[in-house]
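*Asks:* Structure, please.
(2 chains)
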Amino acid sequence: MNESAASGSPSATVPVTLIRARYRWFEVNLAELWEYRELLYFLVWRDLKIRYKQTLIGVAWAVIQPLFTMIIFSIFFGRLAGLPSDGMPYPIFYYTALLPWTYFANALSQASNSIVAHQQVITKVYFARVLLPVSAVLAGLADFAVAAAILFVMMFGYGIMPTWKVLWMLPLILLVIVTAVALSLWLSALNALYRDVRYAVPFVLQFWMFASPVAYPASLVPEHWRWLYGINPMAGVIEGFRWALAGVGPGPGPMMAVSVVVVLIVLVAGFFYFQRMERTVADVV
Amino acid sequence: MRDVVIKAEGVSKQYRIGGPTHNALRDAIAHSVKSLFTTVTTRTPQAPRTIWALKNVSFEVEHGELVGLIGRNGSGKSTLLKILSRISQPTVGTAAVRGRLGSLLQVGTGFHGELTGRENIYLNGAILGMRKTQIDRRFEEITAFAEVDLFLDTPVKHYSSGMYVRLAFAVAAHLEPDILLVDEVLAVGDAEFQQKCLKKMRQVAYDGRTVVFVSHNLSTIQALTNRTLLLDHGQLVAAGSTTEVIQQYLRKRQDASATVYEVEDTRRETANLSRTVSIVRLALDRPVNRLSQDEPLGILATVRGNNAVKPFGLMASIYGPAGLPVGTIFGPETHCIEHGEVATFRIVLPALRLAPGSYYCALGVIQRNSGGAHHDLDHVVDVLHFDISPARDAPNVRAWRRGWGPIRFDEPTVERLT
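*Replies:* The predicted structure follows:
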């Protein structure tokens, strides 16, 4: 989009922005995105600042959600239904899965609503719109960190000591972030056009949780089908978390590889879809 | 050498109105199913209703210029600014912008009520395209300009509306883009602050930046800019010296409107009018809209009661050549109207002794509440245009100096004492 000397002036250092009616299918201005890194920081910072304003228990909400779900699951799926847990204590088994899942579900629902929520700003000022879903996904990491701290306390209580494998948390978290970003590029853009998305997301997330090994171990899925299970990226992530934290299960393998490939495809396609949509979003949102 | 920083060529923008917009997926599906049927059975595709908000607009702005952009509501001013600032995309045409462009289409974009004044300065600055270091550097200036030093650490939701607006404008005014687009945002705050904002805008241009400035307030445009673009129904109809373009605009406005105004369905500028009594038609009580300085002005106002209302009154404000209010008269509040009743009133303003020139009115239906304050039941602006010709043996239009003001008072008594 930046082309120098469009107006016949000698000065070439001044950027020239060309505004056109049509753009090529894959025009992406990465240099411009880099220019907006500070705004990304401010948007995340803003989200963190306002997240628990005017609440009584504040950041405790970040823990309550996975903690109470873990208790319910331990009682009903664990004690009463007797689902297998790959030999882990039920609370640890469920919490290690709920930790990434809660982050993912919250990030996705916040991010897919981000364009519509910033309607006022979008119609009044230009900036790279992609910052909105991305900042919403990143802001959730604070809650994730708090919830993760509780996990380490619980593991200590159960006498489970983390090993070097815990370092695998980092690439796994990255995979969750990228998964949430990839999907929210699609969903936030679609939501600007069709508000159905806002109603569909909570509903789909509910199904998705049961399609992921949150309430049961992935080992229930037959061995030779497990790589296919990786089409659901959260399956690989959750199994990865259990393995990295408690050392249970086979560790990253073909299932994870399938997940990574799937996520990257969704991400790249979503990026193109999003940047096509962002040029017209102010007119339709 | 000419140094063009904005060059628009054939910029056009089409909007859909009323037609299918598909804000729910269901509609989109239903529509595609329906259109499937219509093509099979009747073959009359329903064209969505569209309007051209901008049609083939071309112009250039040079470095360091202060350019005004005027036109009636819906003439495409805001659409043009949105396209130049890349918020919206043209349907046809191109524009080239050289240099960093900042746009200020609304004060306080992205302000968050829960954040403090200090935090909002950073957030808003970042959204408007400022770097953190830049904000750091100008932080003192911003808070001094906004006069909110004492409340920097108070959430802005506790600010008075005046403080809020001052802070918001202060951030925007300290942007440092090469080109600044400003839409109507100076019309905020009290008169003193408005003057301060105007001074600031002039300073911005003086610093070698280019400013494109939209306003309804023609006197602001006159005071601030040398060159002005006039848009009418999406088309650029004039570009040139501000004084000439404003004159053309006022003439045009007048030509389009004779002495009778059907205003029942025209857009109201005031929000939340109850319109329990609504203005249907306004007319001058004479066939031509020209009267002499010492003649009374007669207005016929037809109103409809949408409820039974009593008592109510009528008021009229008169605006001068540059959109500057001259004065207002209030009629007695003694009228009653029944539900569904239509009534016509004649309002006669005694000889106003206005300076020669072009004027127009705003008319309101008012009611006084128990506290003694007026509120408008209905209010229309930009109606009843008329020209004042000088009275015999008074200075003519050309001879009347602007510095003399809009009113020629009654002749004084002057007697020689010594």
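
*Asks:* gap between the helix or strand harbouring B:Leu69 and the chain center?
*Replies:* Under DSSP states H and E, the secondary-structure element containing B:Leu69 is strand B:66-70. With CA atoms, centre = their mean, to the nearest Å as the basis, the distance from the averaged C-alpha position of strand B:66-70 to the chain average is 13 Å.

*Asks:* For that strand, which helices and strands make contact with it?
*Replies:* In this structure, strand B:66-70 makes packing contacts with helix B:77-84, helix B:191-206, strand B:210-214, helix B:218-224, strand B:227-232, helix B:242-256, judged by 3 or more CB pairs under 8 Å, 6 or more residues apart in numbering or on different chains; DSSP states H and E. Using the backbone N, CA and C atoms, a C-beta is placed for each residue, glycine as well.

*Asks:* in its sheet, what does it sit against?
*Replies:* According to DSSP bridges, the neighbouring strands of strand B:66-70, each with its direction, are strand B:210-214 (parallel), strand B:227-232 (parallel).

*Asks:* how about the helices and strands packed on strand B:66-70 in TSV, adding distance to B:Thr116?
*Replies:* Shown next, in TSV, are the helices and strands packed on strand B:66-70 (distance: least, CB to CB, whole Å):
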stretch	distance to B:Thr116
helix B:77-84	30
helix B:191-206	21
strand B:210-214	30
helix B:218-224	32
strand B:227-232	40
helix B:242-256	41
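
*Asks:* For the stretch 151-285 of chain A, what lies in contact range of chain B?
*Replies:* Counting by CB under 8 Å from any CB of the partner chain, the residues of the stretch 151-285 of chain A lying close to chain B are A:Leu193, A:Tyr194, A:Arg195, A:Asp196, A:Arg279, A:Thr280, A:Ala282, A:Asp283, A:Val284.

*Asks:* Report pLDDT for the second one.
*Replies:* Yep, that's A:Tyr194 we're talking about. We note a pLDDT of 88 for A:Tyr194 in this prediction.

*Asks:* residue ranges with poor pLDDT in the stretch 151-300 of chain B?
*Replies:* Low-confidence segments of the stretch 151-300 of chain B, defined by pLDDT under 70: B:185-189, B:252-258.

*Asks:* try 50
*Replies:* Under the criterion of pLDDT under 50, the regions of the stretch 151-300 of chain B flagged as low confidence span B:256-257.

*Asks:* cool, chain A as well?
*Replies:* Scanning chain A for pLDDT under 50 picks out A:1-12.

*Asks:* Run through the residues that contact B:Ser292.
*Replies:* B:Ile388, B:Ser389, B:Pro390, B:Ala391 (CB atoms under 8 Å, 6 or more residues apart in numbering or on different chains).

*Asks:* Between these, identify the one with the most neighbours.
*Replies:* Counting by other CB atoms under 10 Å in any protein chain shown, B:Ile388 has the largest number of neighbours within these, with 25 neighbours.

*Asks:* Could you find the closest non-adjacent residue to it?
*Replies:* The spatially closest residue to B:Ile388, leaving aside those adjacent along the chain, is B:Leu354, at 4.7 Å (CB to CB, 6 or more residues apart in numbering or on different chains).

*Asks:* Wait, the one you found touches B:Gly405, no?
*Replies:* No - contact between B:Leu354 and B:Gly405 fails when scored by CB atoms under 8 Å: they sit 10.0 Å apart.

*Asks:* So which of the two has more stuff around it?
*Replies:* Counting neighbours by other CB under 10 Å for B:Leu354 and for B:Gly405 shows that B:Leu354 has the greater number, 20 against 12.

*Asks:* show me the contacts for that one.
*Replies:* Under the criterion of CB under 8 Å, 6+ apart, the contact partners of B:Leu354 comprise B:Gln293, B:Ile318, B:Gly320, B:Val326, B:Ile388, B:Pro406, B:Ile407, B:Arg408.

*Asks:* please redo it, this time with the cut-off set to 10 Å
*Replies:* Remark: with contacts taken as CB atoms under 10 Å, 6 or more residues apart in numbering or on different chains, B:Leu354 is in contact with B:291, B:293, B:297, B:318, B:320, B:326-327, B:386-388, B:406-408.

*Asks:* what ranges do the helices span in the chain?
*Replies:* No chain in the question, so chain A it is. Using DSSP state H, the helices of chain A run over A:30-35, A:37-51, A:61-73, A:90-112, A:114-117, A:119-122, A:131-139, A:141-157, A:169-193, A:196-211, A:226-229, A:233-246, A:254-278, A:281-284.

*Asks:* other chain: chain B
*Replies:* For chain B, applying DSSP H gives helices covering B:25-41, B:77-84, B:117-127, B:132-146, B:161-173, B:191-206, B:218-224, B:242-256.

*Asks:* how about these in JSON lines, adding distance to chain A?
*Replies:* Shown next, in JSON lines, are the helices of chain B (distance: least, CB to the nearest CB, whole Å):
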{"stretch": "helix B:25-41", "distance to chain A": "4"}
{"stretch": "helix B:77-84", "distance to chain A": "6"}
{"stretch": "helix B:117-127", "distance to chain A": "4"}
{"stretch": "helix B:132-146", "distance to chain A": "6"}
{"stretch": "helix B:161-173", "distance to chain A": "10"}
{"stretch": "helix B:191-206", "distance to chain A": "18"}
{"stretch": "helix B:218-224", "distance to chain A": "21"}
{"stretch": "helix B:242-256", "distance to chain A": "24"}
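
*Asks:* Please name whichever of those helices is nearest to A:Phe156.
*Replies:* Put simply, out of the helices of chain B the one that sits nearest A:Phe156 is helix B:117-127, at 37.0 Å, with distance taken as CB to CB.

*Asks:* Report how many residues lie close to B:Leu417.
*Replies:* Neighbour count for B:Leu417, taken as other CB under 10 Å: 3.

*Asks:* I'd like to know how far it sits from chain A.
*Replies:* When CB to the nearest CB, to the nearest Å is the yardstick, B:Leu417 and chain A sit 64 Å from each other.

*Asks:* could you list every residue that touches that residue?
*Replies:* Under the criterion of CB under 10 Å, 6+ apart, B:Leu417 has no neighbours.

*Asks:* wait, doesn't B:Phe330 sit right on B:Met315?
*Replies:* Yes - in this structure B:Phe330 lies within contact range of B:Met315 using CB atoms under 10 Å: 4.8 Å.

*Asks:* ok, the closest residue in space to A:Leu220 that isn't next to it in sequence to chain B distance?
*Replies:* The shortest distance from A:Leu220 to any non-neighbouring residue, by CB to CB, 6+ apart, is to A:Pro84 (7.1 Å). Relative to chain B, A:Pro84 is positioned 40 Å away (CB to the nearest CB).

*Asks:* wait, A:Pro84 sits on A:Pro217?
*Replies:* Yes - if you go by CB under 10 Å, A:Pro84 and A:Pro217 touch, sitting 5.8 Å apart.

*Asks:* hang on, the earlier thing: using JSON lines, please lay out the helices and strands packed on strand B:66-70 together with mean neighbour count.
*Replies:* Formatted as JSON lines, the entries for the helices and strands packed on strand B:66-70 read as follows, by neighbours: other CB atoms under 10 Å in any protein chain shown:
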{"stretch": "helix B:77-84", "mean neighbour count": "24"}
{"stretch": "helix B:191-206", "mean neighbour count": "15"}
{"stretch": "strand B:210-214", "mean neighbour count": "24"}
{"stretch": "helix B:218-224", "mean neighbour count": "20"}
{"stretch": "strand B:227-232", "mean neighbour count": "22"}
{"stretch": "helix B:242-256", "mean neighbour count": "16"}
